[in-house]
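A.B. asks: Predicted model and sequence below, questions to follow.
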Protein chains: 2
Amino acid sequence: MSICETVQVTREVTGRYGGVDAADRQAERRARLLDAALELLGTEGWQAATVRAICSGAKLTPRYFYEGFTDRDELLLALFDQIAQEAAAAVLEAVSRAPVDARAKAHAAIGAFVELVTDDPRKARVLFAEAMGSEPLTRRRFETLRMFAQLVAGQARDFYGMDDVADPLVEESALMLVGGLAEILLGWLDGIVHVTREQLIDDCTALFVTTGEGAVRLVQGRARR
Amino acid sequence: MSICETVQVTREVTGRYGGVDAADRQAERRARLLDAALELLGTEGWQAATVRAICSGAKLTPRYFYEGFTDRDELLLALFDQIAQEAAAAVLEAVSRAPVDARAKAHAAIGAFVELVTDDPRKARVLFAEAMGSEPLTRRRFETLRMFAQLVAGQARDFYGMDDVADPLVEESALMLVGGLAEILLGWLDGIVHVTREQLIDDCTALFVTTGEGAVRLVQGRARR
DNA sequence: CGGATCTGCAAACGCTCGTTATCAGAATCG
DNA sequence: CGATTCTGATAACGAGCGTTTGCAGATCCG
């Protein structure tokens, strides 16, 4: 036992195998597992994303699964968060690049988001459809959607000078915008909505802006009273 | 064998037990199973709605489960359809009673729907949240939501005289309305949106109408071109 | 080269699931 | 009463799951 410890110490300094050191190997395994999980969760669904199937897809064994994650839920949550952060980053970057105009900002944001999840429809399914598999995943989907909605509400408050407005209608309309957008995207991916992707982005932008402006009018009309 | 058959025939004529005949007993067992499934699916979620748990809740045994349903999926689909039909009936009845006015119709429809699924939040969870458990259930949720969306689109086409308009934006906006409404309802049930139920109905109606009118303007603006 | 670790595979454990069969006892009707 | 069906509980079966362990072989460093 004591021998093991001393040896471990001397070894842990380098920890190289196959030309890469321990941290990198572990990170690569983690990435492979997340990739395999995305493929399964995004195509065959939650029920198919078992530990064995994910490991098989990643060409790894359960041993390394439990080296990197404590649970199946932890992996799926990590995958969800990764995609959500990717989406948030894309949206924020597009918004920051767009000219200072409500319609242009909205178009940039929606365009970036739609392009991300239609370039890889698996991501859309993970974010919107398959995030209901387990209870922790459902909760996370909700929190993330709410976060996006508050992001939208914050942008709207900035643009229309409603910083002091505490009307719950702001939160309600933001929920409607984000939730409605998700439903349109799922419908488009399922082939229900027959438009090109550019048309889809334009339509979503138009609906988004018109709904947002309507909500703003409602809120301001109430505040005046 | 032949004896059994003749006996079965003479018995099947009445088939009474405990004062009720066979069809009624079977119907009551079916109703009890659906009730137990609603309780489990609407509170603990899809994972908890196992055959054993449903039977235990209904105070029946698996024997009667497979007497009334072939699968677990068949039960859950039947439950979903029952709630969806209940909602559709409530909405259509409210719309038919309301005065001939877009806002009044919308308020009646949304009020009826919101009251139904907030009087029994389990129904909301079954319709919107837990319908993603199995693949057939996910598909059904989509079909039903699309049906509601087309119902909305049809009403809008009637009211605004757009019978000949085939713009896909009509379907897109209907999807946004229905999907957004679902998300607001789930948020309200989760305590994220802090308004009274009457306020919720009013807000949803206002958002619904303003979004609908915005979509109509967009469609008409395009058609004019 | 040699001792030690890292890897990949496979089997195993305990559990729950859906589904089906068994069987004693209650209730029925002629 | 007696033959028969209906009831309810139980247990069994095979399968799949998440999770853990054991072990031969590849790869490393001194």
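C.D. replies: Yes, it's here.
A.B. asks: how about the strands in chain A?
C.D. replies: Under the criterion DSSP state E, chain A contains strands at A:16-17, A:20-21.
A.B. asks: Mean pLDDT lowest where, among these?
C.D. replies: Note on the strands of chain A: strand A:16-17 shows the lowest mean pLDDT, a mean of 66.
A.B. asks: The lengthiest helix in chain A - contacts with which helices or strands?
C.D. replies: Identified as the longest helix of chain A according to DSSP state H is helix A:197-224. Judged by 3 or more Cβ pairs under 8 Å, 6 or more residues apart in numbering or on different chains; DSSP states H and E, the packing partners of helix A:197-224 are helix A:102-119, helix A:135-159, helix A:168-189, helix B:168-189, helix B:197-224. For glycine as for every other residue, the C-beta is placed from the backbone atoms N, C-alpha and C.
A.B. asks: is the third one up against chain B anywhere?
C.D. replies: When you say that, I think you mean helix A:168-189. Yes - using Cβ under 8 Å from any Cβ of the partner chain, helix A:168-189 reaches chain B at A:168-169, A:171-173, A:175-184, A:186-187.
A.B. asks: ok, back up a step: make JSON lines from the helices and strands packed on helix A:197-224 and add distance to residue B:162 and mean pLDDT to it.
C.D. replies: Below are the helices and strands packed on helix A:197-224 laid out as JSON lines (distance: least, Cβ to Cβ, whole Å; pLDDT from 0 to 100):
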{"stretch": "helix A:102-119", "distance to residue B:162": "24", "mean pLDDT": "95"}
{"stretch": "helix A:135-159", "distance to residue B:162": "29", "mean pLDDT": "89"}
{"stretch": "helix A:168-189", "distance to residue B:162": "19", "mean pLDDT": "94"}
{"stretch": "helix B:168-189", "distance to residue B:162": "8", "mean pLDDT": "94"}
{"stretch": "helix B:197-224", "distance to residue B:162": "7", "mean pLDDT": "92"}
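A.B. asks: Among these, which comes closest to DNA strand D?
C.D. replies: Nearest to DNA strand D among the helices and strands packed on helix A:197-224 is helix A:135-159; the distance by Cβ to the nearest atom of the strand comes to 12.3 Å.
A.B. asks: hmm, the closest one in reach of chain B?
C.D. replies: Yes - applying Cβ under 8 Å from any Cβ, one finds helix A:135-159 in contact with chain B at A:135, A:138, A:142, A:145-146.
A.B. asks: DNA strand C: which of the helices and strands packed on helix A:197-224 is closest?
C.D. replies: Closest approach to DNA strand C among the helices and strands packed on helix A:197-224 (Cβ to the nearest atom of the strand): helix A:135-159, 14.1 Å.
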